[in-house]
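**Student:** Sequence plus the predicted model coming up.
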Number of protein chains: 2
Amino acid sequence: MKLYDYPAGPNPRRVRIYLAEKGIDAPLVTVDLMKREQKAPEFLEKNPIGSIPVLELDDGTCISESVAICRYFEELHPEPPLFGRTPLERATIEMWLRRVELNFMMPVGMVWIHGHPLTARLVKQIPEAAEQNRKRVHLGYKLFDDQLATSEFVAGPDYTVVDAVLLASLDFANGLVGVPYDDGLTHLKRWHESVSSRPSAEA
Amino acid sequence: MKLYDYPAGPNPRRVRIYLAEKGIDAPLVTVDLMKREQKAPEFLEKNPIGSIPVLELDDGTCISESVAICRYFEELHPEPPLFGRTPLERATIEMWLRRVELNFMMPVGMVWIHGHPLTARLVKQIPEAAEQNRKRVHLGYKLFDDQLATSEFVAGPDYTVVDAVLLASLDFANGLVGVPYDDGLTHLKRWHESVSSRPSAEA
């Protein structure tokens, strides 16, 4: 088994945080995104999307997409449960995973692609799209802050895969992408400090 | 239990197709998107994103996001399995769900929002964003066509929730959004005809 990884990538970090919370070791293989190794023909055979993380099993089967990889490990190692126990918990976690992805990470990615100097050589940037999506990132922060006003973790009273996914996405947005959340979002800030203080955040 | 629905919406249709495949009846309540009822304060209490579908349980608990609703029903009614049986099947289905969402439905939504006359009054449209995303929609079609060259259904030999989700998304893209797939994508076409001929496609 090999986990194709890149230290600074937000999506591989989701999996590393998740694995740290589960206490699972997986051998990492670095794919150098700066050299565009994820778009090389031999890597496209592992994942036609040309993105990481990718988990390659011993028989050569490849699973891509961060949450799919986490779910694979969850099925093999159900304890501690990070995808919920009951039908309602499992659905609630799925709901929040999708909100993080579609209402937050997607606009973060658009700001990154259309507004950051590092990506300018890769795409024809549309500054107005970066600006619109910057506003959507802040709507995402507000959504999480509202939820965290009455919930210890994003999907309820327990730490779940949603917290791992949001932490990696939020640190990317706050850092490299340059769209930090407002200090007034005290519930989000409380959560951010709490999950950042767990050993898994080092992953 | 109530399922908040809108007949012409692609995301509620995902759930209706899924439920038809499972043989589950759920009482539908129409939310009139043309009247923006999904953004009314009382509906935002059910789903702060202001979107449908939403499943409201008898105790008032609400689950939003199409795939989260399907997963809830799957947990309660595991047969026939539409989210996979083994860890690898479950991870593969998750991978394809995310590819449909992020590499296809997301750009379809961008073409819809930035390029369609019906949405022009709702957002400041960026025609260049519509154009860029139109190309990404076609890359998505190609991804599915390549997969369907060697696979009967999108995630493998059996019909799964991925097929329900892709059918609803693809019919929306081909129809209302106006980005049909090229006739040369014969594997995608074969799949599209096959899944469209199932009774669930009427949902």
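**Tutor:** Nice, thanks for sending it over. Residues are numbered from 1 along each chain as shown, chains lettered A, B, ... in the order given.

**Student:** outside of the strand or helix carrying residue A:93, which residues touch it?
**Tutor:** Per DSSP states H and E, residue A:93 falls inside helix A:87-100. Helix A:87-100 has contacts (C-beta atoms under 8 Å, 6 or more residues apart in numbering or on different chains) with A:67, A:83-84, A:140, A:143, A:147, A:154-156, A:160-162, A:165-166, A:169, B:49, B:57, B:61, B:63-65, B:67-69, B:71-72, B:75-76, B:101. The way it works is simple: take the backbone N, C-alpha and C, and place the C-beta from them, glycine included.

**Student:** Need the CA coordinates for it. PDB is fine.
**Tutor:** The C-alpha atoms that make up helix A:87-100 are tabulated as PDB, following Å, rounded to 0.1, in the frame of the first residue of the first chain:
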ATOM      1  CA  PRO A  87     -27.900   6.300  10.200                       C
ATOM      2  CA  LEU A  88     -28.600   9.900  11.200                       C
ATOM      3  CA  GLU A  89     -24.900  10.400  12.300                       C
ATOM      4  CA  ARG A  90     -23.700   9.000   9.000                       C
ATOM      5  CA  ALA A  91     -26.000  11.200   7.000                       C
ATOM      6  CA  THR A  92     -25.200  14.300   9.000                       C
ATOM      7  CA  ILE A  93     -21.500  13.700   8.400                       C
ATOM      8  CA  GLU A  94     -22.100  13.300   4.700                       C
ATOM      9  CA  MET A  95     -24.100  16.500   4.700                       C
ATOM     10  CA  TRP A  96     -21.300  18.500   6.400                       C
ATOM     11  CA  LEU A  97     -18.600  16.900   4.200                       C
ATOM     12  CA  ARG A  98     -20.500  18.200   1.200                       C
ATOM     13  CA  ARG A  99     -21.000  21.600   2.700                       C
ATOM     14  CA  VAL A 100     -17.300  21.900   3.400                       C
END
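
**Student:** quick one: buried residues of stretch A:54-73?
**Tutor:** Using 16 or more other C-beta atoms under 10 Å in any protein chain shown as the test for burial, stretch A:54-73 gives A:54-56, A:62-73.

**Student:** What about the contacts of helix A:87-100, which are in helices?
**Tutor:** Members of those lying in helices (criterion: DSSP state H): A:67, A:140, A:143, A:147, A:161-162, A:165-166, A:169, B:67-69, B:71-72, B:75-76.

**Student:** how about residue A:178, secondary structure?
**Tutor:** Following DSSP: H, G, I helix; E, B strand; the rest coil, we place residue A:178 in the coil state.

**Student:** Next up, the contacts around it.
**Tutor:** When contacts are counted by C-beta under 8 Å, 6+ apart, residue A:178 touches A:111, A:116.

**Student:** Residue A:10 too?
**Tutor:** So residue A:10 contacts A:105, A:168, A:169, A:171, A:172 (C-beta under 8 Å, 6+ apart).

**Student:** Find the nearest non-adjacent residue to the spatially most central residue of chain A, please.
**Tutor:** Taking C-alpha atoms, centre = their mean, the centroid of chain A lies closest to residue A:165, which sits 3.8 Å from it. Spatially, and ignoring its direct neighbours in sequence, residue A:165 is nearest to residue A:14 (4.9 Å; C-beta to C-beta, 6 or more residues apart in numbering or on different chains).

**Student:** I figured that neighbour hits residue A:162, correct?
**Tutor:** No: look at residue A:14 against residue A:162 with C-beta atoms under 8 Å: they stay out of range, at 10.3 Å.

**Student:** now the contacts of residue A:10 as JSON lines including pLDDT?
**Tutor:** Conversion of those to JSON lines gives the following (pLDDT from 0 to 100):
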{"residue": "A:105", "pLDDT": "98"}
{"residue": "A:168", "pLDDT": "98"}
{"residue": "A:169", "pLDDT": "98"}
{"residue": "A:171", "pLDDT": "98"}
{"residue": "A:172", "pLDDT": "98"}
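
**Student:** List the buried residues of stretch A:8-15.
**Tutor:** Residues A:9, A:10, A:11, A:12, A:13, A:14, A:15 are the ones in stretch A:8-15 that count as buried (16+ other C-beta under 10 Å).

**Student:** Next: stretch A:70-90.
**Tutor:** A:70-75, A:81-84, A:87-90.

**Student:** Can I get those residues in a markdown table including pLDDT and distance to residue A:179?
**Tutor:** As requested, the buried residues of stretch A:70-90 are arranged in a markdown table below (pLDDT from 0 to 100; distance: C-beta to C-beta, whole Å):
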| residue | pLDDT | distance to residue A:179 |
| --- | --- | --- |
| A:70 | 98 | 25 |
| A:71 | 98 | 28 |
| A:72 | 98 | 31 |
| A:73 | 98 | 30 |
| A:74 | 98 | 30 |
| A:75 | 97 | 34 |
| A:81 | 98 | 32 |
| A:82 | 98 | 27 |
| A:83 | 98 | 28 |
| A:84 | 98 | 30 |
| A:87 | 98 | 35 |
| A:88 | 98 | 33 |
| A:89 | 98 | 31 |
| A:90 | 98 | 31 |
